[in-house]
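> coordinates for the following, if possible.
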Amino acid sequence: MQSSLFLLTVMGQCVFFTCHHIEYHLNDTAKTWDEARSYCKERYTDLATVSDMTDMKRLLRKIVNTQEAWIGLQSNPGQDKRMWHWSLPGTQGVALNELNAYFPDPKPTNGNCPENCARLEKGEIHDTPCGMNISFICFNGTEEPRKSLICINESMNWTQAQNYCRAEYTDLVSGPDLLAHLADNPNGTGRWIGLFRDTWYWSDGSNSSFRHWNLGLLKDGVAGECATVLKGEGKWDSAACNERKHFVCYKDKVILIQKVMMWQDAVNYCREHHRDLVSITDLNQQRWVEARAKNASTDHVWLGLRYTCVMDLWFWLNDHLVSYENWDRSDGECDKCYHAAAMTKSGKWVKKADTEKFNFICALK
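Residues are numbered from 1 along each chain as shown. Sure thing, here's the model as predicted:
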């Protein structure tokens with residue numbers, strides 16, 4: 001795996017840790033999609049899931065010398081099976097049903113031009129054919145919602161607008177930032193936003209909304225089609241599942257332990273059976289750990305993040321200071337000297353007394 005490596009000093013010994021929570025493995029044997037998935041599940045974790053552009057760039061390094069390769073995206077066709085997603089992967093804070101006040105008709109439309117994309121117009125969200133050329137709103141990644149939106153007046157179809165926002169900023173406006181714009185601009189003209197629906201789902205059951213289609217429009221799945229990754233720029237197209245292609249598996253580097261332990265006991269367990277309690281140093285890692293936390297039997301899971309009173313700071317067990325953060329804003333202050341960090345099932349970090357007992361997530365060797 002091509003990955004940055006961190007050299008850590010642990011108990012006087014040097015240990016190399018990888019900085020990603022998954023590994024991609026290309027197999028150049030031609031198999032059908034179902035055969036490829038069975039192979040990946042037997043030897044790794046599953047066919048490749050892609051959660052964001054960071055994963056996509058790593059995947060491209062694996063497929064640079066191959067024509068096409070299966071990944072784990074499969075279609076579940078049917079008008080009644082379309083689901084709405086945010087374009088910005090990992091967007092939280094606003095459930096789609098919370099948009100009903102702004103969304104007069106969120107049901108799919110029958111016909112040859114399914115309205116699978118969404119535009120914002122005069123304080124309402126309208127389902128719209130994805131091929132329409134209109135202006136759009138990008139999100140630039142800043143923390144203040146009302147300062148994070150960039151209105152682009154050039155007209156494009158939805159996927160072209162998405163590609164533009166990803167190349168120049170972060171993505172089309174999604175989630176809480178969209179609601180902030182709705183509140184500030186009730187009379188705005190029609191613009192694309194980061195809301196779409198499709199019939200595709202990942203074979204490992206993850207809820208990643210990341211799509212990277214090649215066709216200039218959202219791909220509407222038909223019976224028997226599965227997704228592929230193309231060489232070159234790496235955009236995706238689809239093919240019949242019984243075609244034989246190379247494929248990419250992924251191996252999970254984190255594991256949810258559904259035992260209930262105090263923080264230090266969880267540390268000891270991970271170090272004895274795996275590597276350590278998991279550390280999170282960027283958004284990509286956050287998304288993979290968050291997906292595992294959703295399956296916990298407790299409301300929180302322990303992370304490898306602890307507060308030290310001596311230095312008055314939070315630190316990861318892999319010796320990294322906290323650069324990326326995802327604290328719950330309502331968490332408040334506490335007597336931090338005997339506290340460690342836990343993750344909620346929604347992905348937020350909270351401070352918890354290290355004597356509480358939760359499931360936990362280990363990093364694998």
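> so where is the stretch 1-150 of the chain shaky, pLDDT-wise?
Within the stretch 1-150 of the chain, the set of residues satisfying pLDDT under 70 comprises 1-20, 78-80, 90-114, 142-147.
> would you map the strands across it?
Assigned by DSSP state E, counting those that start in this stretch, the strands in the stretch 1-150 of the chain fall at 5-10, 13-18, 22-31, 46-47, 68-75, 83-86, 117-121, 124-128, 134-139, 149-156.
> quick one: those strands as JSON lines, columns for distance to Thr281 and mean neighbour count too.
Any C-beta I mention is one placed from the backbone N, CA and C, and that applies to glycine too. What follows is the strands of the stretch 1-150 of the chain, written out as JSON lines (distance: least, Cβ to Cβ, whole Å; neighbours: other Cβ atoms under 10 Å):
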{"stretch": "strand 5-10", "distance to Thr281": "9", "mean neighbour count": "12"}
{"stretch": "strand 13-18", "distance to Thr281": "10", "mean neighbour count": "12"}
{"stretch": "strand 22-31", "distance to Thr281": "15", "mean neighbour count": "17"}
{"stretch": "strand 46-47", "distance to Thr281": "24", "mean neighbour count": "23"}
{"stretch": "strand 68-75", "distance to Thr281": "25", "mean neighbour count": "24"}
{"stretch": "strand 83-86", "distance to Thr281": "24", "mean neighbour count": "18"}
{"stretch": "strand 117-121", "distance to Thr281": "33", "mean neighbour count": "23"}
{"stretch": "strand 124-128", "distance to Thr281": "35", "mean neighbour count": "20"}
{"stretch": "strand 134-139", "distance to Thr281": "22", "mean neighbour count": "22"}
{"stretch": "strand 149-156", "distance to Thr281": "28", "mean neighbour count": "15"}
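> quick check: Leu59 touching Lys231?
No: with contact defined as Cβ atoms under 8 Å, Leu59 does not count as touching Lys231 (11.2 Å).
> can I assume Leu26 is in contact with Thr66?
Yes: contact criterion Cβ under 8 Å: Leu26 and Thr66 qualify, at 6.7 Å.
> okay, and the common contacts of those two?
Shared contacts of Leu26 and Thr66, defined by Cβ atoms under 8 Å, 6 or more residues apart in numbering, are found at His246.
> what is the burial count for Thr298?
17 (other Cβ atoms under 10 Å).
> in stretch 205-217, what counts as buried?
206, 208-214, 217 (16 or more other Cβ atoms under 10 Å).
> so how far is that stretch off the chain centroid?
11 Å (Cα atoms, centre = their mean, to the nearest Å).
> please enumerate the strands of the stretch 251-365 of the chain.
Using DSSP E, counting those that start in this stretch, strands in the stretch 251-365 of the chain cover 254-261, 276-277, 300-308, 313-316, 339-344, 349-353, 358-363.
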